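Asker: Please find the sequence and the predicted model below.
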Amino acid sequence: MLRQPYSTLRSAGFEVEMKIDSERIQELIQRPSESLSVEIKRWIDPDHPEGVSKIVRTALALRNHGGGYLVIGFDNDTLHPDKDNVPADVASAFHIDKIQGLVSRFASEPFEVSVEFPDRDGQAYPVLVIPPGVKAPVVAKSDLWHNNAKLISVDDVFIRSLRSNNTPSTTKAGWKDWPKIVDVCFDNREADIGRFMRRHLGGLTPQMMRDLVSALTKGMESEVTTEDLLRRYLQESEERYKLVIKERGIDVPDHGVWEVALLLIGDVPGHSTNREFLNLLDASNPNYTGWPVWLDSRGFNDNGAHPYVANGVWEEIIVNIGSEWIDHLDFMRLDPKGRFYLRRAHQDDLLSRRPNAPKPLSVFDFGLPIIRTAEAIAVGLAFAKAMKCDSENTLLAFAFRWTRLRGRQLTSWANPSRYISPGRKAYDDEVLTFVSVPLETPLSALSEYVNQALQPVFQVFDGFPLSKEVVEDLTRRLLERKL
């Protein structure tokens, strides 16, 4: 293997030469728990709080793991270069002074960060080099807030860990992680750091940095993101719905769909797929509306609508089409492991028997998605609390998807007292949005996340800018049961 000298990293008073090449990078990625880690991210905005959070959390986690690399500008699913949101001036956006300043602002123990810019096909990509040599766990020393949500808390310890599917991730340290952290610190205190690093890694060269970027695009497995998991869960649940419809021979009219997928990220206490779990969810559901999300259908006269167990999770399918006043088509999945899914036909499409009801697939009432999205987040928070999840270390990851939007006109038919000027039509047929809500979020701050989930939906209607005040008002009315 060709190895050329490139740069030195100063760590804990040592000057450490690091060598890297594509073959070594493959080993690092395939065995992240035994050597330096490589984390891959799409383009990050280091001037935005969420971008700051990703950089700081990853840098501290890599430092506590024993060093590693944060490669920015690649899709960690396909491992292809990310063509979206590329900064106009990459070197300026990720200037070493800015990155070092961010890390030093939050790290309890200062350490030097290097930023390299290998080139691929004429595009520079930042690689943050986090040196080894940690002798005491690096802890977050400052809070980071954004939109009433705390992204980083004082005393947070971030580490690299393996999920159940053996993919590495950055997370807060739990009691199981401390032996590994202590081992890393003691190894660094007792070992000759310079000799260890020279023996195992060698010199870091410009060509080998290019090899690093190239190797990452040649089929190596990358970290699965929460958004990836949500997409997979949506697809899995949609396939389950289609199978159930087919097995039961249910004939449904043409309609659009609203879907919610919720994953509880954190240590979810153990629950079983039994009646006790259904009772827990039923008792904790706030029932903000007459037809709440994730409702318990055991009291329905139609036995076909009652919950049943399939593949280890509870499922419900409620089909009430053709009624003079109440039309519904809902499919739900309730997983004790902390996964929840709801598929609901657009209310705009199932009320053709009502007087003055809209023609199916023709309109999209702007108030209904606000109410439904706010309710889904609020009920998800209630479920997580009832399941005894840790409020400080649990994140609710939501995916919302709206389909069959093309050609619809934005209206306010469900509540005519709220006027919206006509003529705004959708061109895109589908919108998928993601929102992560900390479990400790108070209901008073819910509208911020509702607005985040919905703005991309309304923008497809000729760029309609729905005001935050309207979202806040309808969210508050839902929570106060004044709709």
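Answerer: Okay, I see it. Numbers count the residues shown, from 1 in each chain.
Asker: Can you pull the domain assignment for this structure?
Answerer: The record, using automatic domain parsing to delimit domains, assigns the chain the ranges 8-215, 226-479.
Asker: ok, how many other residues are close to residue 428?
Answerer: Neighbour count of residue 428, defined by other Cβ atoms under 10 Å: 13. To be clear about C-beta, it is placed using only N, CA and C from the backbone, and glycine gets the same treatment.
Asker: list the contacts for the closest residue to it other than its chain neighbours?
Answerer: Among residues not flanking residue 428 along the chain, residue 460 sits closest, at 4.5 Å (Cβ to Cβ, 6 or more residues apart in numbering). Taking Cβ atoms under 8 Å, 6 or more residues apart in numbering, we find residue 460 in contact with 405, 426, 427, 428, 431.
Asker: Where does pLDDT dip in the stretch 251-400 of the chain?
Answerer: 322-326, 352-355 (pLDDT under 70).
Asker: where along it do the helices fall?
Answerer: 275-284, 367-386 (DSSP state H, counting those that start in this stretch).
Asker: Show me what the last one is packed against.
Answerer: Spelled out, it's helix 367-386. strand 257-265, helix 275-284, strand 339-345, strand 395-403, strand 430-438, helix 446-459, helix 468-479 (3 or more Cβ pairs under 8 Å, 6 or more residues apart in numbering; DSSP states H and E).
Asker: Mean neighbour count and distance to residue 95 added to these, as JSON lines?
Answerer: JSON lines is the format used below for the helices and strands packed on helix 367-386 (neighbours: other Cβ atoms under 10 Å; distance: least, Cβ to Cβ, whole Å):
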{"stretch": "strand 257-265", "mean neighbour count": "22", "distance to residue 95": "32"}
{"stretch": "helix 275-284", "mean neighbour count": "15", "distance to residue 95": "49"}
{"stretch": "strand 339-345", "mean neighbour count": "22", "distance to residue 95": "41"}
{"stretch": "strand 395-403", "mean neighbour count": "21", "distance to residue 95": "31"}
{"stretch": "strand 430-438", "mean neighbour count": "18", "distance to residue 95": "28"}
{"stretch": "helix 446-459", "mean neighbour count": "22", "distance to residue 95": "29"}
{"stretch": "helix 468-479", "mean neighbour count": "18", "distance to residue 95": "33"}
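Asker: how about these, which one is nearest residue 232?
Answerer: strand 257-265 (9.3 Å; Cβ to Cβ).
Asker: Show me what counts as buried in stretch 305-323.
Answerer: Using 16 or more other Cβ atoms under 10 Å as the test for burial, stretch 305-323 gives 305, 307, 313, 314, 315, 316, 317, 318, 319, 321.
Asker: Most widely separated two among those?
Answerer: 313 and 321, at 24.9 Å, using Cβ to Cβ across the buried residues of stretch 305-323.
Asker: hang on, residue 445 packs against residue 146?
Answerer: No: using Cβ atoms under 8 Å, residue 445 is not in contact with residue 146, being 11.4 Å away.
Asker: Identify the residues contacting residue 360.
Answerer: 253, 254, 255, 348, 349, 350, 352.
Asker: Next step: those residues restricted to strands.
Answerer: Assigned to strands by DSSP state E, none of those qualify.
Asker: Buried ones among those?
Answerer: Applying 16+ other Cβ under 10 Å to the contacts of residue 360 flags 255, 348, 349, 350 as buried.
Asker: Could you dump those residues into JSON lines and include distance to residue 369?
Answerer: Below are the buried ones among the contacts of residue 360 laid out as JSON lines (distance: Cβ to Cβ, whole Å):
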{"residue": "255", "distance to residue 369": "15"}
{"residue": "348", "distance to residue 369": "10"}
{"residue": "349", "distance to residue 369": "14"}
{"residue": "350", "distance to residue 369": "15"}
